[in-house]
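Colleague: Return atomic coordinates for the entry below.
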Amino acid sequence: MVGSEKHDIERKVVTILRILSESSEPLGARVIAQRFRDYGIYLGERAVRYHLKIMDERGLTRLIGREGRLVTQAGIEELRSALVSDKVGFVITTIEALAVKTTFDIQRQRGGVPVNVSLIPKERFVEAKAVMKDAFDAGLCVSKLVAVADEGERLAGLIIPEDKIGLATICSIVVNGALLRAGVPMDSKFGGLLQIKNREPLRFVELIQYTGTSLDPSEIFITSRMTSVKDVVSSGEGKVLANFREIPSICSQTAEKVFTGLGEAGIGGVLVVGRISQPVCEVLVEMNKMGIVLIGGLNPVAAAVEAGIEIESAAMSGVMEYRDLVSLY
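Modeller: Predicted coordinates for the structure are as follows:
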């Protein structure tokens, strides 16, 4: 097999994994073939079945009765590792896709919300839970609402592996989605580390542009041990995960209503809303726009990692029904 043919096959495999990873339910070949078109690829249902069979043999996907396939943990790892050149800009694409898939209705308080999924060693879950509680109570999260799944169970489309507990936390993209439903476009610029001083946001000390990375910035900062969430909880000073967005200034009143509605549903995360065309936390803002700083949804998990607990996190894992989320404490 020549190099170009192998690359083409791998690209199709990665695209299938990407489609499955964005779904909370098993998908069949017909639906996958239809969704291929969103990526500018036209692949027939029969060809999709052929690739799925091979992916099953490789352990990347798993057949669930007659319902379709789910991506496995090995599939998630393959998606993270394969075709790096094709994945530059993958993060911003995922953000935009999850914003569109966010169906949360503020008035009815129901619908899909985007979540991150973290895999915690079962024997250390109680310890991790105790550490994370302080971060949740301090408001260093998008919401206190979570979902928990045991090994073998599904969480946002991911099957929880053996000896792990799955924890789903609401992702800050819920703000993007809620604004989009209200007719407000939100431009996602950076993920970063935000310095907190005297319990107030001061400035970004690290930034990663979404359009130029193949990895989620939050995952990078957590695995690199660059956060100090526990210090923020205890002393009010340290570095937390945060995101920088912009909205058109003409939409400010609508945005405020959306933020209020989300707050009433137990979903927050908006740290700072800047003035028109003015820098926010030392980040420049485009003309006639307003900068917005959102807290990262994985900060409680980052605190547990700081405590020495090995946790694997997959930011922006998928969408879950809001009413399936509960308080962890």
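Colleague: and the chain, what are its domains?
Modeller: Using automatic domain parsing, the domain parsing of the chain gives 3-87, 104-170+301-327, 173-299.
Colleague: What are the boundaries of the helices in the stretch 151-300 of the chain?
Modeller: Per DSSP state H, counting those that start in this stretch, the stretch 151-300 of the chain carries helices over the ranges 173-181, 217-223, 229-235, 252-264, 299-306.
Colleague: Quick one, which of those helices gets closest to Val115.
Modeller: Taking CB to CB, helix 173-181 is the member of these nearest to Val115, at 8.8 Å. The C-beta positions use only the backbone N, C-alpha and C, and glycine is treated the same way.
Colleague: and the closest one, what does it pack onto?
Modeller: Applying 3 or more CB pairs under 8 Å, 6 or more residues apart in numbering; DSSP states H and E, we find helix 173-181 packed against helix 90-101, strand 112-121, strand 238-248, helix 252-264.
Colleague: one more time with 10 Å
Modeller: Packing contacts for helix 173-181, counted by 3 or more CB pairs under 10 Å, 6 or more residues apart in numbering; DSSP states H and E, involve helix 90-101, strand 112-121, strand 187-197, strand 238-248, helix 252-264, strand 289-295, strand 312-321.
Colleague: Which one of these lies nearest to Phe136?
Modeller: Ranking these by proximity to Phe136 (CB to CB) places strand 289-295 first, at 11.5 Å.
Colleague: Compute the inter-axis angle for the closest one and helix 173-181.
Modeller: 140 degrees (axes from the mean of the first three to the mean of the last three CA atoms, to 10 degrees).
Colleague: ok so, going back, okay if I get the domains of the chain as CSV plus distance to Thr93, mean neighbour count and mean pLDDT?
Modeller: CSV is the format used below for the domains of the chain (distance: least, CB to CB, whole Å; neighbours: other CB atoms under 10 Å; pLDDT from 0 to 100):
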stretch, distance to Thr93, mean neighbour count, mean pLDDT
domain 3-87, 9, 17, 81
domain 104-170+301-327, 10, 20, 94
domain 173-299, 9, 19, 95
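Colleague: Dump these into a markdown table; add distance to Glu96 as well.
Modeller: Output for those, formatted as a markdown table (distance: least, CB to CB, whole Å):
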| stretch | distance to Glu96 |
| --- | --- |
| domain 3-87 | 11 |
| domain 104-170+301-327 | 11 |
| domain 173-299 | 8 |
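Colleague: in the sheet, who's paired with Val326?
Modeller: Using DSSP bridges, the bridge partners assigned to Val326 are Val146.
Colleague: I'd assumed Val146 was in contact with it.
Modeller: Yes. Val326 lies in contact with Val146 (CB atoms under 10 Å); the separation is 6.9 Å.
Colleague: Dump the helices and strands packed on helix 173-181 into TSV; add distance to Glu306 as well.
Modeller: TSV is the format used below for those (distance: least, CB to CB, whole Å):
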stretch	distance to Glu306
helix 90-101	23
strand 112-121	14
strand 187-197	13
strand 238-248	10
helix 252-264	28
strand 289-295	16
strand 312-321	13
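Colleague: wait, doesn't Thr94 sit right on Ile19?
Modeller: No. Thr94 is not in contact with Ile19 according to CB under 10 Å; the separation is 11.8 Å.
Colleague: mind checking which of the helices of the stretch 151-300 of the chain is nearest Thr61?
Modeller: Proximity to Thr61, assessed across the helices of the stretch 151-300 of the chain by CB to CB, is greatest for helix 217-223 (22.5 Å).
Colleague: And that closest one, what does it pack against?
Modeller: strand 112-121, strand 187-197, strand 200-209, strand 238-248, helix 299-306, strand 312-321.
Colleague: what helices or strands is the third one leaning on?
Modeller: Secondary structure elements in contact with strand 200-209, counted by 3+ CB pairs under 10 Å, 6+ apart, are helix 90-101, strand 187-197, helix 217-223, strand 238-248, strand 270-276, strand 289-295.
Colleague: how about a cut-off of 7 Å?
Modeller: strand 187-197 (3 or more CB pairs under 7 Å, 6 or more residues apart in numbering; DSSP states H and E).
Colleague: got the phi/psi numbers for the nearest residue to Arg203 once chain neighbours are set aside?
Modeller: Leaving aside its sequence neighbours, Arg203 sits nearest to Glu282 (CB to CB, 6 or more residues apart in numbering; 4.2 Å). The phi and psi values for Glu282, taken as degrees, to the nearest 10, are phi 70, psi 20.
Colleague: Okay, helices next: where are they in the stretch 1-150 of the chain?
Modeller: Listed in chain order, the helices of the stretch 1-150 of the chain (DSSP H, counting those that start in this stretch) span 3-21, 29-36, 45-57, 73-81, 84-87, 90-101, 125-137.
Colleague: can you put these in a markdown table and add distance to Thr211?
Modeller: Listed next are the helices of the stretch 1-150 of the chain as a markdown table, based on distance: least, CB to CB, whole Å:
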| stretch | distance to Thr211 |
| --- | --- |
| helix 3-21 | 17 |
| helix 29-36 | 23 |
| helix 45-57 | 29 |
| helix 73-81 | 18 |
| helix 84-87 | 12 |
| helix 90-101 | 5 |
| helix 125-137 | 29 |
